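Asks: The following comprises the amino acid sequence and a computationally predicted model.
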Amino acid sequence: MHMTALAYFVQLRPLLEERMVLTLAQGGGVRENFQEQLQRFFDLLEQALQSGHATPLVSLLREWSATRTETDLERDERTVSSLLRQIAVLTQETAHQALEAHQALEFLSAVWPIYLDCLAQAAAYETESRTAYLTQELARLNRIVARVDKSKSDFVAVAAHEFKTPLALIEGYAAMLDELLPPEMEQFHSLLMGMRNGLKRLHDLVNDMLDVSLIDNNLLVLNKQPVWLHRIFRLLQAELQPVLEQRRQILEVRSFPGAQELLFADPTRLYQAFRNILNNAIKFTPDGGKITIDGRLLTGFVEVTITDTGIGIPPEHQETIFEKFSQLVDVSLHSTGKTKFKGGGAGMGLPIARGIIEAHDGSLWAESPGYDEKTCPGSTFHILLPFRTQPEDPNLAKLFDTLTTQTDSSFSSSEIQS
């Protein structure tokens, strides 16, 4: 059967070439090149008809797939598959017109399986080249994103350092004016107090920018000392009490295993991380709500949970909130305020908190049933810290041996400078 089909093909080939060149190629130069490629295709098709399978055509199909333009790859235009489909259609039409019905049926029964195999191979090669193109594009875009992110981090670091000098000057002059003005000029003292409060807010923002830069560049240095978590929580409760009273919120600190155990960590940085998380909880919990600090002792870790009765976090944003400068609220409705309900911020508090916890070889993540301002499903932030009861440096272990028996009575707020 295949030898008969081959004879029919030899008979049809001149007519097939002529029709395909006229139909599929436009322009003299294109037509000449196409005719050359078509002759190669038909030479290999003749071998395929002799063998009964499409193997002789495989290398040509791969070559054609590899020569697709970048525009073809970008648009995912499958030019080789499209060409093969048109060749198959013209082959069928020509066979029916030039051969008897039974001859056309016999010829097409032999050539169609080869065409179908060719289409499958071409589709596979085109998918392969498209995948390679997308991989290269993704790598290129990742390099661009990395450069932009580095530029942003560099700008933040430079801007923060540039702000510190004029801020220090303004703060210094404001303090001098406050000392020089007579006490009876209460109005001016009040204005200076407002200015210094604003400067402190700006100073905190600059420090946050510097912390973000340190975390981005893996330069955050920890000063690890003996730490008791329940002491940090006690100080935070005292610091936040005025805000909690203003918002009519309750902060409950529960006693849990591990809270009163000695850990080696950076107390100042842990205090900063917990304060950022608590500020976030206060901000997104309506007036009259409740925030609870709890936890448990795990094998090798202590887990702290901070749960609020706030408006919750959409599932798709429970990781986004830890990206620096991220904003889940409409920025056009931004209102400054660290603890004002749904108040805006620079989007650095939670990223800094995660950076600090991860610098301790811990983890920070959030869980929430979802976002709803009416039902307030709330959120829970999980802080996982390694349960280290000895310094990593053996020399420091000897130095701190006497501190492991220290009692709560010897602890004061000076141990943590917030």
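Replies: Alright, I've got the coordinates. Residues are numbered from 1 along each chain as shown.

Asks: List the backbone torsions phi and psi for the closest residue to Val58 other than its chain neighbours.
Replies: Counting by CB to CB, 6 or more residues apart in numbering, Val58 lies nearest to Gln121, which is 5.9 Å off, once chain neighbours are set aside. For glycine as for every other residue, the C-beta is placed from the backbone atoms N, C-alpha and C. Phi and psi for Gln121, reported as degrees, to the nearest 10, are phi -60, psi -40.

Asks: packing partners for the helix or strand that contains Asn276?
Replies: For Asn276, the host element (DSSP states H and E) is helix 267-283. Applying 3 or more CB pairs under 8 Å, 6 or more residues apart in numbering; DSSP states H and E, one finds that helix 267-283 contacts strand 225-228, helix 229-246, strand 290-298, strand 301-308, helix 349-359, strand 379-386.

Asks: Quick check, pLDDT for the residue nearest to Val58.
Replies: Note for Gln121: predicted pLDDT of 88.

Asks: Identify the residues contacting it.
Replies: By CB atoms under 8 Å, 6 or more residues apart in numbering, the contact set of Gln121 is Ala54, Leu57, Val58, Leu61, Arg62.

Asks: Do I have it right that the last one meets Tyr125?
Replies: So the one you mean is Arg62. Yes. Assessed by CB atoms under 8 Å, Arg62 is found in contact with Tyr125 at 5.3 Å.

Asks: Which one of these two is surrounded by more residues?
Replies: Tyr125 (21 against 17; other CB atoms under 10 Å).

Asks: Let me know the secondary structure of the closest residue to that one other than its chain neighbours.
Replies: Take Tyr125 and drop its neighbours on the chain: the residue closest to it by CB to CB, 6+ apart is Ser65, 3.6 Å away. Classification of Ser65 using DSSP: H, G, I helix; E, B strand; the rest coil returns helix.

Asks: same thing with Pro369?
Replies: Per three-state DSSP, Pro369 ends up coil.

Asks: for it, phi and psi?
Replies: For Pro369, the backbone dihedrals are phi -60, psi -20 (criterion: degrees, to the nearest 10).

Asks: Please tell me how far the residue nearest to Tyr125 sits from Ala48.
Replies: Distance from Ser65 to Ala48, counting by CB to CB, to the nearest Å: 18 Å.

Asks: need the helices for the chain, in chain order.
Replies: 2-24, 28-51, 58-66, 70-75, 79-98, 101-180, 186-216, 229-246, 267-283, 349-359, 394-399 (DSSP state H).

Asks: for the fifth one, which positions count as buried?
Replies: It refers to helix 79-98. Within helix 79-98, the residues that qualify as buried are Val80, Ser81, Leu83, Leu84, Ile87, Ala88, Leu90, Thr91, Gln92, Thr94, Ala95, counting by 16 or more other CB atoms under 10 Å.

Asks: show me what contacts the last one?
Replies: The neighbourhood of Ala95, defined by CB under 8 Å, 6+ apart, consists of Tyr8, Leu12, Gln103, Ala104, Phe107, Leu108.

Asks: Would you confirm that Val206 contacts Lys164?
Replies: Yes. With contacts counted by CB under 8 Å, Val206 reaches Lys164, the gap being 6.0 Å.

Asks: what pLDDT, on average, does stretch 173-188 get?
Replies: 84.

Asks: Please list the residues outside it that contact it.
Replies: Everything outside stretch 173-188 that qualifies as a contact, by CB under 8 Å, 6+ apart, is His189, Leu192, Met193, Met195, Arg196, Leu199.

Asks: So what would you say the end-to-end distance of that stretch is?
Replies: Terminal residues of stretch 173-188 lie 14 Å apart, using CA to CA, to the nearest Å.

Asks: what comes up buried for it?
Replies: Ala174.

Asks: Tell me where this protein is predicted with low confidence.
Replies: 1-3, 25-32, 68-78, 328-339, 344, 394-418 (pLDDT under 70).

Asks: Recalculate using a threshold of 50.
Replies: Applying pLDDT under 50 to the chain flags the ranges 1, 27-30, 333-334, 405-415, 417-418.

Asks: which one in it is furthest away from the centre?
Replies: Using CA atoms, centre = their mean, the residue of the chain lying farthest from its centre is Glu100. It sits 64.5 Å away.

Asks: okay, the helices and strands packed on helix 267-283 in CSV with distance to Thr131 and mean neighbour count next?
Replies: Below are these laid out as CSV (distance: least, CB to CB, whole Å; neighbours: other CB atoms under 10 Å):
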stretch, distance to Thr131, mean neighbour count
strand 225-228, 50, 18
helix 229-246, 50, 17
strand 290-298, 42, 18
strand 301-308, 41, 21
helix 349-359, 34, 22
strand 379-386, 38, 21
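
Asks: closest one to Arg130 among these?
Replies: helix 349-359 (36.3 Å; CB to CB).

Asks: next one: that closest one to chain centre, how far?
Replies: Distance of helix 349-359 from its chain centroid, counting by CA atoms, centre = their mean, to the nearest Å, is 16 Å.

Asks: which other residues reach that helix?
Replies: With CB under 8 Å, 6+ apart as the criterion, helix 349-359 contacts 208, 211-212, 214-215, 220, 222, 266, 269-270, 272-274, 276-277, 279-280, 321-324, 326, 363-364, 383-385.
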